[in-house]
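Engineer: Quick one, structure for this:
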Amino acid sequence: MNLVTVDDITAAAGRIAGTAVRTPLVPCGWADRPLWIKPESLQPVGSFKIRGAFNAVARIEDAQRAKGVVAYSSGNHAQAVAYAAKVFGVPAWIVVPEDTPKVKVAATRAHGAEVVLVKPGQREVVAEEIVAREGATLVPPFDHPDVIAGQGTIGLEIVADLPDVDLVLVPVSGGGLMSGIAAAVKGLRPQAQVWAVEPALAGDTAEGLAKGERVSWSVEDRNRTIADGLRSQPSELTFAHLKSLVDGIITVTEEEIRSTVPILARKARLVAEPSGAVTTAGLLHHADQLPKGKTVAVLSGGNVDPEVFADLLKP
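Structural biologist: A predicted model of the protein is given here:
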């Protein structure tokens, strides 16, 4: 299976320039090691997803793109595809689970997309039905080389801003973000370690990497975690990247995730949704399992319902 290359990612960087924000590395002097946070919460859609979505939509031929795009998502990819469709002036149909945070659904509609709410586990089926009916193009959340290449631009920026980085921590779920960043970092700085972090309640990737093959967890099991953006499972394509490029993986508990959101708010002045907080949670609670050195934690997004955020901030 062909893996995404640094050249693919560099080309993607050219396409998304001016649309995706080149997020900074925020130094965290309060940590017990040299730590920088890469806040993708600063993107125009509040998460890293704009990178892969815009690159994928940009790669569709003009005539086909005019028929519209379809996406299924737990929320962040939904917003990103809707945003890209608005930029290109094409229709968008976005299929999301009924339990998607309201803030993500509202933001997706605000970009002009038609939002289709479905029961958990039905996203892919309904999305394919819309593709067949409308002749539109499916933009998957992670299982596509163009999406992976777009997400990998984060890795290019990390190495450019911190050339001697030793460790990069990345949330993992479907694996598109992890695949792209690992391809970029390993391609540019092979000696750096790239580790995945995921919720223990959705720990299918950790189990799969331990066994050397993909494993399947039920939707009900994966939906137990508060990290609603990390409830997917790797595809064959992303798992191939993970097996080849990722140095290790750790899991974090629900309490560790919950306790890290207010730490990021108060100490780093950053709003993190629970999914975006897992990397910092991994460092704060499992540093003994991780390599030492200059570390970058990717904060993947900040799209959290205000009520949930307020509850997490309570002492």
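
Engineer: just checking, Ala80 is part of a helix?
Structural biologist: Yes: under DSSP: H, G, I helix; E, B strand; the rest coil, Ala80 sits within a helix.

Engineer: Now for it, how many residues are close by?
Structural biologist: 34 (other CB atoms under 10 Å). (Each C-beta comes from the backbone N, C-alpha and C, glycine too.)

Engineer: got it, and Lys86?
Structural biologist: The number of residues near Lys86, taken as other CB under 10 Å, comes to 14.

Engineer: And Val103, by the same measure?
Structural biologist: Counted with other CB under 10 Å, Val103 comes out at 19.

Engineer: Please look at it and Gly301 and confirm they touch.
Structural biologist: No: contact status for Val103 versus Gly301: not in contact, 11.1 Å apart, counting by CB atoms under 8 Å.

Engineer: Need the pLDDT of the residue nearest the centre of the chain.
Structural biologist: The centroid of the chain falls nearest to Leu177 when counting by CA atoms, centre = their mean (4.9 Å). At Leu177, the model reports a pLDDT of 97.

Engineer: What is the strand or helix carrying it packed up against?
Structural biologist: For Leu177, the element it lies in under DSSP states H and E is helix 176-188. With contacts taken as 3 or more CB pairs under 8 Å, 6 or more residues apart in numbering; DSSP states H and E, helix 176-188 sits against helix 6-16, helix 49-58, helix 145-161, strand 167-171, strand 193-199, helix 236-245.

Engineer: ok now the first one, how far from the chain's centre?
Structural biologist: Read it as helix 6-16. What separates the centre of helix 6-16 from the centre of its chain is 17 Å, taken as CA atoms, centre = their mean, to the nearest Å.

Engineer: And the contacts of the helix or strand following it?
Structural biologist: Note on helix 6-16: by DSSP H and E, the next helix or strand toward the C-terminus is strand 26-27. With CB atoms under 8 Å, 6 or more residues apart in numbering as the test, strand 26-27 has contacts from Leu35, Trp36, Ile37, Lys38, Pro39, Ala268, Leu270.

Engineer: tell me the average confidence for strand 26-27?
Structural biologist: The model assigns strand 26-27 a mean pLDDT of 98.

Engineer: Strand partners (parallel or antiparallel) of that strand?
Structural biologist: strand 35-39 (antiparallel) (DSSP bridges).

Engineer: Reformat the contacts of strand 26-27 as JSON lines; add distance to Glu128.
Structural biologist: Shown next, in JSON lines, are these (distance: CB to CB, whole Å):
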{"residue": "Leu35", "distance to Glu128": "42"}
{"residue": "Trp36", "distance to Glu128": "40"}
{"residue": "Ile37", "distance to Glu128": "37"}
{"residue": "Lys38", "distance to Glu128": "34"}
{"residue": "Pro39", "distance to Glu128": "34"}
{"residue": "Ala268", "distance to Glu128": "40"}
{"residue": "Leu270", "distance to Glu128": "37"}
